[in-house]
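Chemist: Here you go, sequence then predicted model.
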Amino acid sequence: MAAHTLSPPVPGAAAVRRPRRARALWLVALLCVLAALLLVSVAVGSRTVPWSAVTAALGGSTEGFDQAAVAKRVPRTLLAALAGAALALSGAVMQGVTRNPLADPGILGVNMGASLAVVTGIAFFGLASASSFVWVAIAGAGATAVFVYAIGALGRGGATPLKLALAGAAVSAALASLVSAVVLPRNDIADGVRSWQVGGVGGGTFDSLAQLLPFIAVGAAVCLLSARGLDLLALGDETAAGLGQRVALARATASLGAVVLCGATTAVTGPIGFVGLVVPHACRLLVGSGHRWLLPFSALGGAALLTAADVVGRIAARPAEIDVGIVTALVGAPFFIHIVRRQKVRAL
């Protein structure tokens, strides 16, 4: 994914810097917020658990009903934090690679590509294990990312932000229709797939975390190591090449990391949108546009946002729950409209 003639990330973004001390303070504040949200997540839900029970459960006790509830919430909380970090980091990298303020795994159709691959594997190839879901989802996400960029690059001007956003929306709608076409004749998998498609972390277990963690670790490492290359790409292709950056390799490597993060997360949680759009924009206000700070901040911010969204979904409709994918859509859709109006669909 690339855009060859676009301007820097935000008007004047290449010159945007924040004092190191201010960024360090924001980092400490974000870590404190995330830690508080993780504690709230294991204590609050359809049933509120007293802190004494939380402490006992975290100490290993599962004797009482409250302790058992906390023990069940712990993997769910960890999955929400891990998935949020992966999606936000993926979105930040996609915005840097495409230099597109609207780039997001959901908006560009990458999530839906992973979803179609998983559903097809279940329906026609009998896939059942979480590890196979992850590999298939990554392949589907990668193929969709390449396809969307190829469509967006057609015609005059190359892959402009507007063309990429429109191509992503069109491809996402088409893939969603294909998912429905695959699922509708299969009553044996329909209920599970529909629930999974909404996007949620309610089924999080330590087994699913163990399956997901290696892929997230590899994808995050690739993305974080691409930070310097993304900073150079923000200066423009010609300038980056003149500074010794291999532009095509830098884009391909960063895109690979983002696709692995998005595909692996979608395989476990289902498609969750807008996290990769909202969080990087918010983090740029705190630490500027330098990717060496932006990427880790986006990961922490995504973990905090998805954990908070999961808590809200659990308490908003007690004793029922609202899936986290619905909550993030309610938050992200107005933000998406705001970005379109503010940026007028210009390049990052």
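Modeler: Nice, I can see it. Numbering: from 1, shown residues only.
Chemist: what packs against the longest helix seen in the chain?
Modeler: Looking across the chain with DSSP state H, the single longest helix is helix 65-98. Packing contacts for helix 65-98, counted by 3 or more C-beta pairs under 8 Å, 6 or more residues apart in numbering; DSSP states H and E, involve helix 20-43, helix 51-58, helix 206-225, helix 227-233, helix 247-269, helix 275-287, helix 291-315. Every residue, glycine included, has its C-beta placed from N, CA and C.
Chemist: And those, which one averages the lowest pLDDT?
Modeler: The stretch with the lowest mean pLDDT among the helices and strands packed on helix 65-98 is helix 51-58, at a mean of 74.
Chemist: For stretch 124-133, buried residues please.
Modeler: Residues of stretch 124-133 classed as buried: 127, 130, 132-133 (neighbour count, 16 or more other C-beta atoms under 10 Å).
Chemist: what's the answer for stretch 249-268, then?
Modeler: 250-251, 253-268.
Chemist: What segments of the stretch 51-200 of the chain are helices?
Modeler: Assigned by DSSP state H, counting those that start in this stretch, the stretch 51-200 of the chain shows helices spanning 51-58, 65-98, 110-125, 130-152, 161-183, 187-198.
Chemist: before we move on, back to that, can you list the buried residues of stretch 124-133 in a markdown table and add distance to residue 211?
Modeler: Output for those, formatted as a markdown table (distance: C-beta to C-beta, whole Å):
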| residue | distance to residue 211 |
| --- | --- |
| 127 | 13 |
| 130 | 4 |
| 132 | 10 |
| 133 | 8 |
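Chemist: right, and the pair among those residues with maximum separation?
Modeler: Spatial extent of the buried residues of stretch 124-133 (C-beta to C-beta) is set by the pair 127 and 130 at 9.7 Å.
Chemist: Could you count how many residues lie near residue 291?
Modeler: Residue 291 has 28 neighbouring residues, counting by other C-beta atoms under 10 Å.
Chemist: what residues are up against it?
Modeler: Going by C-beta atoms under 8 Å, 6 or more residues apart in numbering, residue 291 touches 92, 96, 226-228, 230-231.
Chemist: can we see that at 7 Å?
Modeler: Residue 291 sits next to 96, 227, 230-231 when contact means C-beta atoms under 7 Å, 6 or more residues apart in numbering.
Chemist: neighbours around residue 105, how many?
Modeler: As a burial measure, residue 105 scores 35 neighbours (other C-beta under 10 Å).
Chemist: scratch that, residue 218 is what I was asking about
Modeler: 15.
Chemist: okay but it is in contact with residue 261, surely?
Modeler: No: checked against C-beta atoms under 7 Å, the pair residue 218 and residue 261 is beyond contact range at 9.0 Å.
Chemist: on that earlier part again, most neighbours out of the contacts of residue 291, which is it?
Modeler: Neighbour counts for those (other C-beta under 10 Å) peak at residue 96, which has 30 neighbours.
Chemist: Now it: closest residue in space that isn't a chain neighbour?
Modeler: Nearest non-adjacent residue to residue 96, counting by C-beta to C-beta, 6 or more residues apart in numbering: residue 230, 3.9 Å away.
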